[in-house]
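J.: heads up, no residue letters with this:
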């Protein structure tokens, strides 16, 4: 049986389902036999990325639209991906993040209560941990976000927990580490202008879309002096959301869970993997450190594996790099 395919979870509302992570989840939900409704304003998502279900164009700030969508029939669960995710932008425009991430989550929760939605899965982030220093960051690490993006997500987490304490709502909050890669068939991947994610920037540099890329700091207390992160494949992360549906269907308690592979790679190791995948020795320069970058941020994942009774595939860095590069090549071919 596909994860989360039980008949109790047949109607799913996915906010932000035309975006990078959401579109991969929507495709897997459809393949598992779910009836999916996607709500997305297409500010960063793509209409063609919705490969299953119905797409409703609109914004979470529109409470009347939420009532219309949720009033079409009882939804068994809501998966909430919609939001803004660029950390530097959150510092320069914090109110955008508190509006899109926090206030809109409030609107969605309120609508869920009005329409009797009993299961809620939330897309959160390792940014809630801030400058965590543990070798493996567990869910017991006290949250201490250092930017408005992380703070906006943590506020949403707290709202979800408080609503669940007062109402018949069960939830799973997944705190993602560094998501990368693309679907192997070539239909889905990361798109949009102004890429900031390391693997995508490296792939674009390998393809000549950028003259060079920058490593921000090489004097960290790590083996090669560059920051270490936990890179996870988007397809594996998408599958974790279906596992979360199955977990809630079984009547399990609400949970906050990290999603990572419990292994870290440095910036230089990522660059080397993309160079190997592309066969291009592209130019890399070393710049100054960016404020707020911890030397190491790697997830503990024992709690998630135990809760879901599930083992992530743990896709290798090399495979993640190859899939991301293949996707960028497809995007480039479409522009020529």
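T.: Yep, that arrived. Keep in mind it's a predicted model, so treat the numbers as computed, not measured.

J.: and for residue 240, nearest residue in space, chain neighbours not counted?
T.: Leaving aside its chain neighbours, residue 240 sits nearest to residue 259 (5.4 Å; criterion: Cβ to Cβ, 6 or more residues apart in numbering). The way it works is simple: take the backbone N, C-alpha and C, and place the C-beta from them, glycine included.

J.: I figured the one you found hits residue 232, correct?
T.: Yes. The pair residue 259 / residue 232 is scored as a contact, 6.4 Å apart, by Cβ atoms under 8 Å.

J.: anything in contact with each of these two?
T.: Shared contacts of residue 259 and residue 232 (Cβ atoms under 8 Å, 6 or more residues apart in numbering): 176-177, 312.

J.: got TSV for those residues, with secondary structure, neighbour count and distance to residue 141 too?
T.: Below are the shared contacts of residue 259 and residue 232 laid out as TSV (DSSP: H, G, I helix; E, B strand; the rest coil; neighbours: other Cβ atoms under 10 Å; distance: Cβ to Cβ, whole Å):
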residue	secondary structure	neighbour count	distance to residue 141
176	strand	21	15
177	coil	24	13
312	coil	20	20
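
J.: out of the residues you listed, who's nearest residue 240?
T.: The shortest approach to residue 240 among these belongs to residue 312, at 6.9 Å (Cβ to Cβ).

J.: and the residue lying closest to that closest one once chain neighbours are set aside, how close does it get to residue 20?
T.: Nearest residue to residue 312 in three dimensions, chain neighbours excluded: residue 236, at 5.1 Å (Cβ to Cβ, 6+ apart). In this view, residue 236 and residue 20 are 14 Å apart by Cβ to Cβ, to the nearest Å.

J.: one more: residue 54?
T.: 20 Å.

J.: with neighbour numbers in mind, choose between these two.
T.: The neighbour count for residue 54 versus residue 20, taken as other Cβ atoms under 10 Å, is higher for residue 20 (24 against 12).

J.: now that one, nearest residue through space, not along the chain?
T.: residue 190 (4.8 Å).

J.: list the residues that contact the one you found.
T.: Per Cβ under 8 Å, 6+ apart, neighbours of residue 190: 20, 180, 182, 197, 200, 234, 324, 327.

J.: mind redoing it with 10 Å?
T.: 19-21, 179-182, 197, 199-200, 203, 234, 324, 327-328, 331 (Cβ atoms under 10 Å, 6 or more residues apart in numbering).

J.: next one: residue 162
T.: Contacts of residue 162 by Cβ under 10 Å, 6+ apart are residue 109.

J.: wait, isn't residue 51 in contact with residue 30?
T.: Yes. Using Cβ atoms under 10 Å, residue 51 is in contact with residue 30, at 6.6 Å.

J.: state the helix or strand in which residue 151 lies.
T.: Secondary structure assignment for residue 151, by DSSP states H and E: helix 148-166.

J.: buried residues, that helix. List them.
T.: 148-157, 159-160, 163-164 (16 or more other Cβ atoms under 10 Å).

J.: let me see the mean pLDDT of that helix.
T.: Per-residue pLDDT over helix 148-166 has a mean of 98.

J.: quick one: the helices in the stretch 151-300 of the chain?
T.: 198-206, 234-249, 267-278 (DSSP state H, counting those that start in this stretch).

J.: quick one: closest of the ones you listed to residue 43.
T.: Between the helices of the stretch 151-300 of the chain, helix 198-206 lies closest to residue 43; by Cβ to Cβ that is 18.6 Å.

J.: end to end, how far does stretch 59-67 reach?
T.: In stretch 59-67, first residue to last residue: 12 Å (Cα to Cα, to the nearest Å).

J.: quick one: least confident helix or strand in the chain?
T.: helix 87-92 (a mean of 90; mean pLDDT, DSSP states H and E).

J.: any low-confidence regions in the stretch 201-336 of the chain?
T.: Applying pLDDT under 70 to the stretch 201-336 of the chain flags no residue at all.

J.: more neighbours: which of residue 259 and residue 232?
T.: Neighbour count, other Cβ under 10 Å: between residue 259 and residue 232, residue 232 has more, with 26 against 22.

J.: give the bridge partners for that one, please.
T.: residue 179 (DSSP bridges).
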